[in-house]
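**Q** give the three-dimensional model of this entry:
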Amino acid sequence: MTTVIASFSVADYDNWRAGYAKAVGDPNLRSWRIWRGQGNPNRVVIMKTFDTREYADQVFTSQAMTANGVDLASLTVDYLDEAGASSVVPNDEFYWDWYKHEENLSTNRGSFFLVGESMLFAAYATLRAAGSPRAAIAISSICGLGIFGTCIWLLVGIFHSYVTRRPLTRKLGDHVSRISEIQKFGSSRWYYSLLRSYNLMGIFLPGGILATWTILLFVQRS
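**A** Numbering: from 1, shown residues only. Here you go, the predicted model:
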């Protein structure tokens, strides 16, 4: 592919830009960009990428260059082959994407544990209804497994909230100017922060389920 960078002056940028809208509809045009001078708004730099050098020559030697007031005396055209590329993600995008990734992980993790706990509670109810001595042993095992799994859920939730999410939120606040508005939304009272979904799903819910499993285990043994 061939990339063309052209620099030129126009009589009136708005008039030229309106006509240029037709040029970017060319099906042979792979990509394009426009820059406009800060000191001289009628100074224009464009970059176009085509499949072949031959087609690029046709575009930049046609009468279309002068149709919208391009000053040919100011025109410079360079034909380039790509020799390397790099893309640096801005800090605000990086931390925002990371934040969304952590939120998705938290949601998916909560759903996974909820499904697992539901299966264990269903097994407990089935064995409890059986009422046999062997079922009593299995019920104790189910309760122990429920306590073990819920402890993992609770510890992961606490780790995510205090070790990962809080420092990440502070970092995000340093780079995304409007994050403070998002954090303040619905937080006029101190206890609202405790009722956010990541606290409910990651700490309070597993804490309640852990207490439930513990009570069921002692009821079973009594």
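**Q** going along the chain, name the strands of the chain.
**A** Here the chain has its strands, by DSSP state E, at 2-10, 29-36, 43-50, 70-80.
**Q** A23: which of the ones you listed is closest?
**A** Across these, A23 has its closest neighbour in strand 29-36 (7.7 Å, C-beta to C-beta). Where C-beta positions appear, they are placed from N, C-alpha and C, glycine not excepted.
**Q** under the pLDDT cut-off, which ranges of this protein? List them.
**A** Confidence mapping of the chain against pLDDT under 70 gives the ranges 62-68, 86-91, 175-195, 222.
**Q** residue furthest from the geometric center of it?
**A** For the chain, the largest distance from the centre (C-alpha atoms, centre = their mean) belongs to P133, which lies 52.6 Å off.
**Q** V10 bridge partners, please.
**A** According to DSSP bridges, the partner residues bridging V10 are V70.
**Q** you'd agree it is up against W16?
**A** Yes: judged on C-beta atoms under 8 Å, V10 makes contact with W16 at a distance of 4.1 Å.
**Q** give me the more crowded residue out of those two.
**A** V10 (21 against 18; other C-beta atoms under 10 Å).
**Q** now do the same contact list for the more buried one.
**A** W16, N42, V44, N68, G69, V70, D71 (C-beta atoms under 8 Å, 6 or more residues apart in numbering).
**Q** can you name the residues that contact A56?
**A** Counted by C-beta under 8 Å, 6+ apart, A56 has contacts T2, V4, K48, F50, Y79.
**Q** hmm, I typed the wrong one, I wanted V45.
**A** I5, A6, S7, I34, W35, R36.
**Q** which one of those has the most neighbours?
**A** Result: A6 is most packed of the contacts of V45 (other C-beta under 10 Å), 18 neighbours.
**Q** now the residue positioned nearest the centre of the chain: how far from L72?
**A** The centroid of the chain falls nearest to D97 when counting by C-alpha atoms, centre = their mean (3.6 Å). Distance, D97 to L72, by C-beta to C-beta, to the nearest Å: 45 Å.
**Q** again, but for S197
**A** From S197 across to L72, the span is 62 Å (C-beta to C-beta).
**Q** before we move on, what about G208?
**A** Counting by C-beta to C-beta - G208 and L72 are separated by 77 Å.
**Q** ok, R128 next?
**A** For R128, the distance to L72 - C-beta to C-beta - is 90 Å.
**Q** looking at these two now, which is surrounded by more residues?
**A** When neighbours are counted by other C-beta under 10 Å, R128 and L72 differ, and R128 comes out ahead with 16 against 9.
**Q** what domains does the record give for this structure?
**A** 2-80, 91-221 (automatic domain parsing).
**Q** for this structure, which segments count as helices?
**A** Counting by DSSP state H, one finds helices in the chain at the ranges 13-23, 53-60, 64-67, 91-130, 133-159, 166-175, 179-184, 197-199, 205-221.
**Q** reformat the ones you listed as CSV; add distance to L29.
**A** Output for those, formatted as CSV (distance: least, C-beta to C-beta, whole Å):
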stretch, distance to L29
helix 13-23, 8
helix 53-60, 8
helix 64-67, 13
helix 91-130, 27
helix 133-159, 50
helix 166-175, 35
helix 179-184, 38
helix 197-199, 46
helix 205-221, 54
